[in-house]
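**Q** Here is a sequence with its predicted model. Questions after.
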Amino acid sequence: MLLEDGEFYDALKDCGKYLKHMHLADTGRTMPGTGNVDFKLVIGVLEEIIFTKYISLDCLPTIVPVDQYLKHSISYMRTMEDAWDMTRKIRTEMHA
């Protein structure tokens, strides 16, 4: 959706209340953290629209062993989540 639909993040906000399940992949349908998608922003948008449903990885096979690929992607997504938490905390303190 990112490359095909232009402003992915705005589209995510617009359809947020209708989302029941998301398939995540980075550019080229690779695992998160291996392409150009700003997953910190994705996490922020999902929080903004109060997304509480299901997320799955929808990535193409790779020559890297799957367990290494998944560990990298999970670690990357946790880093993005932590970065978003820090951004939110800073914004809250600035507006206090």
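**A** Great, that's in hand. Numbers count the residues shown, from 1 in each chain.
**Q** gap between stretch 14-25 and the chain center?
**A** Between the centre of stretch 14-25 and the centre of its chain there are 11 Å (C-alpha atoms, centre = their mean, to the nearest Å).
**Q** Please apply the same query to stretch 33-45.
**A** For stretch 33-45, the distance to the chain centre is 4 Å (C-alpha atoms, centre = their mean).
**Q** cool, and stretch 27-45?
**A** Distance, centroid of stretch 27-45 to centroid of chain: 5 Å (C-alpha atoms, centre = their mean).
**Q** could you dump it to PDB, C-alpha only?
**A** Extracted in PDB, the C-alpha atoms of stretch 27-45 (Å, rounded to 0.1, in the frame of the first residue of the first chain):
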ATOM      1  CA  THR A  27       9.300  -2.100   1.100                       C
ATOM      2  CA  GLY A  28       9.700  -5.000  -1.300                       C
ATOM      3  CA  ARG A  29       7.600  -7.100   1.100                       C
ATOM      4  CA  THR A  30      10.600  -7.700   3.300                       C
ATOM      5  CA  MET A  31      10.600  -7.900   7.100                       C
ATOM      6  CA  PRO A  32      10.200  -4.700   9.100                       C
ATOM      7  CA  GLY A  33      13.500  -2.900   9.500                       C
ATOM      8  CA  THR A  34      14.900  -3.900   6.200                       C
ATOM      9  CA  GLY A  35      13.400  -1.300   3.900                       C
ATOM     10  CA  ASN A  36      12.100   2.300   3.800                       C
ATOM     11  CA  VAL A  37       8.800   2.200   5.900                       C
ATOM     12  CA  ASP A  38       8.900   4.500   8.900                       C
ATOM     13  CA  PHE A  39       7.500   2.000  11.400                       C
ATOM     14  CA  LYS A  40       7.900   4.500  14.200                       C
ATOM     15  CA  LEU A  41       5.300   6.600  12.400                       C
ATOM     16  CA  VAL A  42       3.100   3.500  11.700                       C
ATOM     17  CA  ILE A  43       3.100   2.700  15.500                       C
ATOM     18  CA  GLY A  44       2.200   6.300  16.200                       C
ATOM     19  CA  VAL A  45      -0.700   6.200  13.800                       C
END
